[in-house]
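Novice: no sequence on this one, just coordinates:
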């Protein structure tokens, strides 16, 4: 995964939140998305300190990165994804990477099929 596939600027996150659409994966994860003109997809994560300590927040970001490295889901078209993790009591301590992937797969497949992203 190349470094240019990450959302870094706050203006990119603001554009997604203002103009984008939302898919709810579960009570603890929301994916906001919006199209871009770059020809490739980018992703970013919004994780509040209320979710957990820095170790947990970095682990969630590593899981997203690993997920896309393992599953080149066909997101070649220009699309910006923002993974928004919500604070939930005790959900993140019991969550493992296998369950994380099982939650993401159907939602990202649905997003991949949805061509109306504006």
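Specialist: Received it, and whenever you're ready, just let me know what you need. Here the structure is a predicted model, which means the values were calculated and not measured.

Novice: what sits up against stretch 11-21?
Specialist: The contact list for stretch 11-21 (Cβ atoms under 8 Å, 6 or more residues apart in numbering) reads 7, 32-34, 42, 44, 46, 80, 82, 117-118. Any C-beta I mention is one placed from the backbone N, CA and C, and that applies to glycine too.

Novice: rerun at 7 Å
Specialist: With contact meaning Cβ atoms under 7 Å, 6 or more residues apart in numbering, stretch 11-21 is reached by 7, 32-34, 44, 46, 80, 82, 117.

Novice: ok, so of these, who is nearest residue 69?
Specialist: Within the contacts of stretch 11-21, proximity to residue 69 (Cβ to Cβ) peaks at residue 44, which comes in at 16.0 Å.

Novice: all helices of this protein, in order?
Specialist: Remark: helices assigned in the chain by DSSP state H are 10-19, 54-70, 91-94, 97-113.

Novice: any chance of those in a markdown table, plus mean neighbour count?
Specialist: Formatted as a markdown table, the helices of the chain follow (neighbours: other Cβ atoms under 10 Å):
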| stretch | mean neighbour count |
| --- | --- |
| helix 10-19 | 14 |
| helix 54-70 | 14 |
| helix 91-94 | 12 |
| helix 97-113 | 14 |
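
Novice: tabulate these (TSV), appending distance to residue 26 and mean pLDDT.
Specialist: Shown next, in TSV, are the helices of the chain (distance: least, Cβ to Cβ, whole Å; pLDDT from 0 to 100):
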stretch	distance to residue 26	mean pLDDT
helix 10-19	19	93
helix 54-70	13	92
helix 91-94	8	88
helix 97-113	6	87
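
Novice: quick one: which of these is nearest residue 25?
Specialist: helix 97-113 (4.7 Å).

Novice: just the contacts of stretch 11-21 now: which is nearest residue 67?
Specialist: Nearest to residue 67 among these, with distances taken as Cβ to Cβ, is residue 44, at 13.9 Å.
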